[in-house]
Each structure stands twice: as C-alpha cells, then as structure tokens.
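# Mind looking at a prediction? Sequence and model below.
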Amino acid sequence: TLVNALNPGSHLMDVVVPPLMCLVFAGSLVALVRHPEWLLPVTRSALSASSVALIAPTWLYTVQALTTPGTQLIAILPPISSLLVVLIVMVMFFFPLRQAFCIALLLWLLIALPVLIYLVAHPAEMWTPRGTSLLMTYGPIILMLVVLLPMLSGMHGTIDRLASDRVSMEALINLDPLTKIHNRRVSEQLLKNCIAERIGGGVIMFDLDRFKAINDTYGHAVGDQVLTAVAARCKALLRANECVSRWGGEEFLVVIPGADDVVVRQVAERLRRAIANAPIGAVPRVTASFGVTTIRPDDSLAGVLERADRALYRSKQRGRNRVAVSPALLDGEPMA
Ligand SMILES: Nc1nc2c(ncn2[C@@H]2O[C@H](COP(=O)(O)OP(=O)(O)OP(=O)(O)O)[C@@H](O)[C@H]2O)c(=O)[nH]1
C-alpha cells in the first residue's frame, strides 16, 4: 500500500491512509510493549482501523471506476486484496467464534463482494492478470468462512466440553462421596503445601466416639447421616482457606494454614462443642475426640500426622469428648 502511495498520480487517500495506519500500528505496538495486558483491546482497535482502511478504498475506487468513463478498477485499486485474508484470520484469533464469523462475513460483504460484482459485470477486466488475481483472492475466502468456521465451532464445542468434564472430574477426585466434604487427598496436599512453603499452621484430627455403637443401635443409614451432619457442622464453622476432610471411616482431619497453637486449640474446642451440643437425627448425643498439633519448621507430613494421631489417642484414653494437644506443644499445660 505504501509503494502504491509513492506512485506518481496516486489518489489522496493512498497518500493519507498508509502513513496514518503506520502511526496507528506503531502506537499500538508501543502500547503493547508498555502494557502487555492490553493485548485484546489494542488488537481489536487495530483490526477495526484495518477494516476501515480496506473498506474505504474499496468503495471509493469501485464507485470511481463505475462513474468515471474509461477508468478501470483493476488499474486504480490499491494492492489490498490479500490483506483481507490476514484481517479475517486475525479476527478469528481475537474474537469469540460466533462474533468472528459475523465480523468476517461482514468484512467479506463490504470488501470482497463489491469488487467481485464489479468484475463479473466487466468481463474484460476480470480476465486480465490483475482481475483473475482479485477473483482468486476474494472468491475462496467465502469458502473459508463457510467450511472452516463451522469446523472450528465444532472443535471449540468439544474443547469446552472436555474442559468442563475435567473440572467435574477434578471435583469428584477431591470429594468424599458420602459427606460431600473434601477427601484426605485435599487435606494432605494442603498440609504438604503448608510445610513446603513454610506457612505453618494447625492440624486437628478427630474421631467420633463409640460410633460402632451408633451403627449397631440405630443402623448403618443413621450412622451415615451422623457422619454427613458432623461434616456439615464442621465445614460451616471453618473459613474458606481452612479445610476439613474425611480422613477415613469416622475420622476427620482439619488443616488451618498459618494458625498458631492457641488458635488451633480454640478451633478444635469450637468444633467439639458444635458436634456435642445438638442431637443428630435419631441420635440424641454424638461426641468426638480431638488431637491437635501445629506444624514445626522442619516438620514432615508423617511427623505432623503422627503427633495429631497420638494426641487423639490420648484424648480417647482420657475419657473422650475432649481436645488433647501434641505433647511437644503442651509444655505441661493441662488438657481440656
Ligand atoms: N455408617 C457408617 N459407619 C462407618 C463408616 N465408616 C466406618 N464406619 C464404622 O465406624 C465404626 C468405627 O468403630 P471403632 O473403630 O470400633 O470405633 P468407635 O466405635 O467409634 O469407638 P472409639 O473410636 O474408640 O470411640 C465401625 O463400626 C465402622 O464400621 C461409614 O461410612 N458409615
């Protein structure tokens, strides 16, 4: 287009549009270097400017060729036909598919169709090298729209479906099917992160008391109902960054990132009371025993879990329905 602008006797538009577009694109590039996050708006603005730069000369020269006797479109139209292909490909990349299809179709109707109609109406110009070149560039683009875009649309549909399947599968992998809280995979991973990233935190392991008796007395279905209710009560008491998971059977694990020993004991006590203070369905009283510890600077996953488990064991030994703290933390403090 720039070369065309330098031709002696060029139209005013050929002299004005190329430098203007160079400025627009140079400005866009500078904006993108400074603010890479603007990629989408800057590219879309550049594509809009490009569209105007293709539509305006197309209409101007086509009307001029139609209205000025002895003027041939193939002689005066600047070499912009291949830019339509580039423009449509860019539109396909930077706009959502349905929108891209509409924009591409509109661009073809506004840029390619007037030239094609003109050429069909002027066979003498159509069968010149420039005429056939225009025909071969502008004609097949519509095939690209008709064939390629629906294919892309199908591919996008499949990709979206696979992505949503993946999200549901991931949710299922991390979920305990009975209680609908996290399974041990999640709390283990959170605990590993707290250790690896030196966030620290508190760990609470708790186990329902005499759960076998609940199953034996009220039946397995009621036992399941108790597990689900306990999980829901605990989950409701915890913050978004804290995690309660079903560790297995009637045992649960809570991880509280960043918590110190005072906070973790308070949380454990709150959970204990929430379980013990209200009946669950047909079961008048459900209690649980708690073992509490905090992560030490050079802890291992197995080390933390073993301390929490030992504290839980002591809690059971000392009469159940209580919170016991890891011995190293306890430093002679009495247990609740
Ligand atoms: N309903 C139901 N019961 C379960 C589930 N998982 C484990 N249990 C039962 O939980 C009971 C655990 O019993 P025990 O390990 O003897 O412990 P406990 O009776 O709670 O006694 P303590 O822990 O010593 O207070 C077993 O009878 C298991 O069958 C489950 O998903 N649903």
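Thanks, I have the structure now.
# Before we move on, what's the pLDDT of the residue in the stretch 201-336 of the chain that the ligand sits nearest to?
Closest residue of the stretch 201-336 of the chain to the ligand, Cβ to the nearest ligand atom: residue 223 (2.6 Å). C-beta here means a position set from N, CA and C on the backbone, and glycine is covered the same way. As predicted, residue 223 sits at a pLDDT of 97.
# Spell out which residues of the stretch 101-250 of the chain are next to the ligand.
178, 207-213, 215, 220, 223-224, 227, 249-250 (Cβ under 6 Å from any ligand atom).
# Could you identify which of the residues you listed has the most neighbours?
In terms of neighbours by other Cβ atoms under 10 Å, these top out with residue 227 at 23 neighbours.
# Helix, strand or coil: sort out the residue in the stretch 51-200 of the chain that the ligand sits nearest to for me.
In the stretch 51-200 of the chain, no residue comes nearer to the ligand than residue 178, which is 5.6 Å away by Cβ to the nearest ligand atom. What DSSP: H, G, I helix; E, B strand; the rest coil gives for residue 178 is coil.
# Helix or strand for the spatially most central residue of the chain, just tell me which one.
Closest residue to the average C-alpha location of the chain: residue 163 at 9.5 Å, with Cα atoms, centre = their mean. Using DSSP states H and E, residue 163 maps to helix 149-173.
# So which residues make contact with stretch 307-318?
With contact meaning Cβ atoms under 8 Å, 6 or more residues apart in numbering, stretch 307-318 is reached by 203-207, 209, 253, 289-293, 322-328, 335.
# could you flag which of these are buried?
203-207, 209, 253, 289-293, 322-326 (16 or more other Cβ atoms under 10 Å).
# among the residues you listed, which are in strands?
Members of the buried ones among the contacts of stretch 307-318 lying in strands (criterion: DSSP state E): 203-207, 253, 289-293, 323-325.
# nearest to residue 44, of the residues you listed?
Within these, proximity to residue 44 (Cβ to Cβ) peaks at residue 253, which comes in at 49.0 Å.
# pretty sure that closest one contacts residue 207?
No: Residue 253 lies out of contact with residue 207 (Cβ atoms under 8 Å); the separation is 10.1 Å.
# Leaving out sequence neighbours, find the closest residue to residue 25.
Spatial nearest neighbour of residue 25, chain neighbours left out: residue 46 (6.2 Å); criterion: Cβ to Cβ, 6 or more residues apart in numbering.
# Could you list the buried residues of the helix or strand encompassing that neighbour?
Taking DSSP H and E as the definition, residue 46 sits inside helix 39-67. By neighbour count with 16+ other Cβ under 10 Å, helix 39-67 contains the buried residues 42-43, 46-47, 49-51, 53-54, 57-58, 60-62, 65.
# what comes up buried for stretch 255-262?
255-257, 259, 261.
# Adding pLDDT and distance to the ligand, write those residues out as JSON lines.
As requested, those are exported to JSON lines (pLDDT from 0 to 100; distance: Cβ to the nearest ligand atom, whole Å):
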{"residue": "255", "pLDDT": "97", "distance to the ligand": "21"}
{"residue": "256", "pLDDT": "97", "distance to the ligand": "23"}
{"residue": "257", "pLDDT": "97", "distance to the ligand": "28"}
{"residue": "259", "pLDDT": "95", "distance to the ligand": "25"}
{"residue": "261", "pLDDT": "92", "distance to the ligand": "25"}
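# wait, which of those residues is closest to residue 132?
So of the buried residues of stretch 255-262, ranked by how close each gets to residue 132 (Cβ to Cβ), first place is residue 257, at 69.6 Å.
# Next one: the closest one from residue 234, what distance?
Going from residue 257 to residue 234 by Cβ to Cβ, to the nearest Å gives 16 Å.
# dump the residue contacts of the residue of the stretch 51-200 of the chain closest to the ligand.
224, 227-228, 246.
# that older thread, filter the buried residues of helix 39-67 down to the ones close to the ligand.
Answer for these near the ligand: none qualify (Cβ under 6 Å from any ligand atom).
# does the nearest residue to residue 267 once chain neighbours are set aside sit in a helix, a strand or a coil?
Once flanking residues are discounted, residue 267 sits nearest to residue 256: 6.0 Å by Cβ to Cβ, 6+ apart. Secondary structure, three-state DSSP: residue 256 is strand.
# show me what contacts residue 256?
201-204, 238, 242, 263-264, 267.
# Kindly report the same for residue 218.
With the criterion set at Cβ under 8 Å, 6+ apart, residue 218 makes contact with 282-283.
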